[in-house]
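A.B. asks: Could you look at this predicted model? Sequence included:
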Amino acid sequence: MSPQTLYQENRVLKSKNIKRKEKRRFIGLKKHTHAQRSKLLRNIVVPMLRKELGPNLVAIAADGSYARHEDTGFSDLELMVFVKDNTTLPRGFAKIYDGMLIEGLFITEEQYHKQIHEPNDVWYIAGSDILLPITNPSFVHRLQQYEVNDLAKKCDKQAQILLYEIQESFGKLFNAIDHANRDNLFPILSEAVMNTLKLLAYINRKPYTSMNSFVTEAKRFKKKPKGFDDFLWLTIKGEYQDLAALERCTTEVFASIEDLLEQSRHGNLYDDDLSSIYRKQKTKKRR
């Protein structure tokens, strides 16, 4: 086969491949506008929820990017569906309608405050939740007036709990560095970075706005471990394959995390008492 013939055949194959790609369309993932999401809510979702829940329905509110008016083409539509009683309901629902993911959570007022406002294991992202009333706006506005008591103390408690995840993820990272496990380094490093980002939200008493802004907001925190910015830089720029630099940076970050947590804890940072694995709290008997 002559070079000219081979060149022409390659051009034909490339042209066919391009046409195939142009014809390819996702089934379950399509772009939508804020206006389209609003129309879907108004015409389909709200009437259906009212019909299915009846008098048990208290209010419907949107949260996430839609509530912040920051939703873009492929954003989900996330809903909080407030009910009087959810004991007979599923936890929530998930539907993909015309290439858009719609998720809803059936929740009571008390549960919302406990799961969203009060510091817990997901408060680092849930605590910044903003609700956009879809129905019953007075109820939704009142919900958002809730104030957390002893925020600092509760955040410190969650930070202490998270220390065990920090310990595990950094241990994996040091093992990967010691054994030059380059193939699997990225997911291991990512876990350590993510756990550090979570921890910083509790240390600074400020949850993140969204997952799209974790790193950007973390850079602005007042309380950060030493070497944290370099830790992020190595990860974002893909320069973590320099194992010597990664080890120096990781060592500095982990040591500084311990220093930060010791400042907010009274007593030993680590529980190393193996005289008892589980000890019941002694309580005074009522007379």
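C.D. replies: Alright, I've got the coordinates.

A.B. asks: Show me which positions of stretch 260-267 end up buried.
C.D. replies: Neighbour counts over stretch 260-267 (16 or more other CB atoms under 10 Å) mark L260, L261, S264 as buried. Placement of C-beta: from N, CA and C, glycine included.

A.B. asks: Distance from it to the middle of the chain?
C.D. replies: Distance of stretch 260-267 from the chain centroid (CA atoms, centre = their mean, to the nearest Å) equals 26 Å.

A.B. asks: quick one: contacts of it?
C.D. replies: D156, A159, Q160, L163, I203, K223, P225, L269 (CB atoms under 8 Å, 6 or more residues apart in numbering).

A.B. asks: Please, where are all the strands along the stretch 51-200 of the chain?
C.D. replies: Ranges of strands within the stretch 51-200 of the chain are 57-63, 77-83, 92-97, 100-107, 132-133, based on DSSP state E, counting those that start in this stretch.

A.B. asks: is it possible to export those to CSV including mean pLDDT and distance to K198?
C.D. replies: CSV is the format used below for the strands of the stretch 51-200 of the chain (pLDDT from 0 to 100; distance: least, CB to CB, whole Å):
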stretch, mean pLDDT, distance to K198
strand 57-63, 97, 20
strand 77-83, 98, 20
strand 92-97, 96, 23
strand 100-107, 97, 21
strand 132-133, 97, 26
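
A.B. asks: burial count for W233?
C.D. replies: Counted by other CB atoms under 10 Å, the residues lying close to W233 total 14.

A.B. asks: sorry, back to before: of the buried residues of stretch 260-267, closest to A218?
C.D. replies: Comparing the buried residues of stretch 260-267 against A218 with CB to CB places L260 closest, at 13.5 Å.

A.B. asks: And the closest one, how close does it get to Q160?
C.D. replies: The gap separating L260 from Q160 is 12 Å, by CB to CB, to the nearest Å.

A.B. asks: quick revisit: which one of the strands of the stretch 51-200 of the chain is the most hemmed in?
C.D. replies: Across these, averaging neighbours per residue (mean count of other CB atoms under 10 Å) puts strand 77-83 on top, at a mean of 24.

A.B. asks: Okay, angle between that strand and strand 92-97 too, please.
C.D. replies: Relative orientation of strand 77-83 versus strand 92-97 (axes from the mean of the first three to the mean of the last three CA atoms, to 10 degrees): 140 degrees.

A.B. asks: chain center to strand 77-83, what's the gap?
C.D. replies: Computed by CA atoms, centre = their mean, the chain-centroid distance of strand 77-83 equals 18 Å.
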